[in-house]
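**Q** take a look and give me a structure for this.
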Amino acid sequence: MRHFLDLDLLKPDELALILDAALDEKTNHKFSKQAALSGKSLALVFEKNSTRTRISFQAAMQQLGGQSFVLDAGTSQLGRGETIADTARVLSRYVDGIMLRTDGHDKLEEMARYASVPVINGLTDKSHPCQIMADLLTVKEHFGDLSKRRVVWLGDGNNVAVSWVQAAVAFGIEMVVSTPDSMQIPSDVQDWLANQGGHRVSFSNDPAAVAGADVVIADTWVSMGDEAEGEQRLATLEPFQVNQACMAKASEQAVFLHCLPAHRGEEVTDEVIDGPQSLVFDEAENRMHAQKAILLWCFGLIGG
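**A** Got it, this is the predicted structure:
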């Protein structure tokens, strides 16, 4: 059983293989031409709103010759109290794989525990591995060797930052996570990192850490579930805004990434996200290509 739950659960060579397959599919459409997932079906289960995750997975399945079915809390029994475990066991009788986008990471783990088909993490409050595979694909096709890049995260130490830290360890990337002291990545992730040998990840509370960065990454400051403390978060994070002055401190070749949706004028300005250094929309497209490769890996069509 090949679940895709978190980047730290896969070996670095497996992640590299998935990236190579994603780049090959984007360039040559090898697996799409073969309709590699013909006869396969994927359940897309949403307990959180989605644009890119929903459409990119649907497009990926269709282009690979498979099909997908969307369930959300408002139109399924999950919204009326059916357990994750029961949902997992039922869906496993109907489909070949399950993608879950939810809040608690424990729900994802429960889905994987009771499903008899591969389960993919479409986002939890802890991590967002599919997004980071798309980010890595974007950096790889722009720069080449990932290990030679300096990546700087600016803002909240959220689920996307956590998956980026896991990726940095796997690929030997130099990464600085720059956050306010009150918004560092979770302590259990820091403990995990402390037990990893030879990594190049460090932490800062100074936005000036962006100096010399090849890749500057930001994310929404007020995510789903954070609305109640929105004003306070905005005030705390204001020094970490990615604007033209911020990008000028990075390297001359620096690029900007953001997983979207962006709150323009908060974590990033129009001049940056719409400017020549922005790879944001390439990054959004790459969700589809990365997810094709993840699906192929989960279904055993690439890898050992």
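**Q** any chance you could map the strands in the stretch 201-304 of the chain?
**A** Ranges of strands in the stretch 201-304 of the chain, per DSSP state E, counting those that start in this stretch, are 201-204, 215-218, 255-258.
**Q** now the stretch 51-200 of the chain
**A** 67-72, 97-101, 119-123, 150-154, 174-178.
**Q** could those strands go into JSON lines alongside distance to Ala209 and mean neighbour count?
**A** Bear in mind the C-beta positions are built from the backbone N, C-alpha and C, glycine included. JSON lines is the format used below for the strands of the stretch 51-200 of the chain (distance: least, Cβ to Cβ, whole Å; neighbours: other Cβ atoms under 10 Å):
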{"stretch": "strand 67-72", "distance to Ala209": "39", "mean neighbour count": "17"}
{"stretch": "strand 97-101", "distance to Ala209": "31", "mean neighbour count": "27"}
{"stretch": "strand 119-123", "distance to Ala209": "26", "mean neighbour count": "27"}
{"stretch": "strand 150-154", "distance to Ala209": "6", "mean neighbour count": "25"}
{"stretch": "strand 174-178", "distance to Ala209": "4", "mean neighbour count": "22"}
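**Q** nearest to Leu279, out of these?
**A** strand 150-154 (12.8 Å; Cβ to Cβ).
**Q** any idea which residue of the protein is furthest from its center?
**A** Of all residues in the chain, Arg80 has its C-alpha farthest from the mean position, at 28.7 Å, by Cα atoms, centre = their mean.
**Q** any idea how far that residue lies from Lys126?
**A** For Arg80, the distance to Lys126 (Cβ to Cβ, to the nearest Å) stands at 26 Å.
**Q** pLDDT averaged over stretch 232-240 - what is it?
**A** Averaged across stretch 232-240, the pLDDT comes to 95.
**Q** next one: stretch 259-272
**A** On average, stretch 259-272 scores 97.
**Q** neighbouring contacts of that stretch?
**A** 51-52, 128, 131, 135, 154-155, 160, 218-222, 234, 237, 240-244, 246-247, 256, 258, 273, 278, 280, 283-284 (Cβ atoms under 8 Å, 6 or more residues apart in numbering).
**Q** just the ones of the residues you listed in helices?
**A** 52, 131, 135, 160, 234, 237, 244, 246-247, 273, 280, 283-284 (DSSP state H).
**Q** tell me which of the strands of the stretch 201-304 of the chain is the most buried.
**A** strand 215-218 (a mean of 26; mean count of other Cβ atoms under 10 Å).
**Q** which among the strands of the stretch 201-304 of the chain is found nearest to Pro180?
**A** Short answer: strand 201-204, nearest of the strands of the stretch 201-304 of the chain by Cβ to Cβ, at 10.5 Å.
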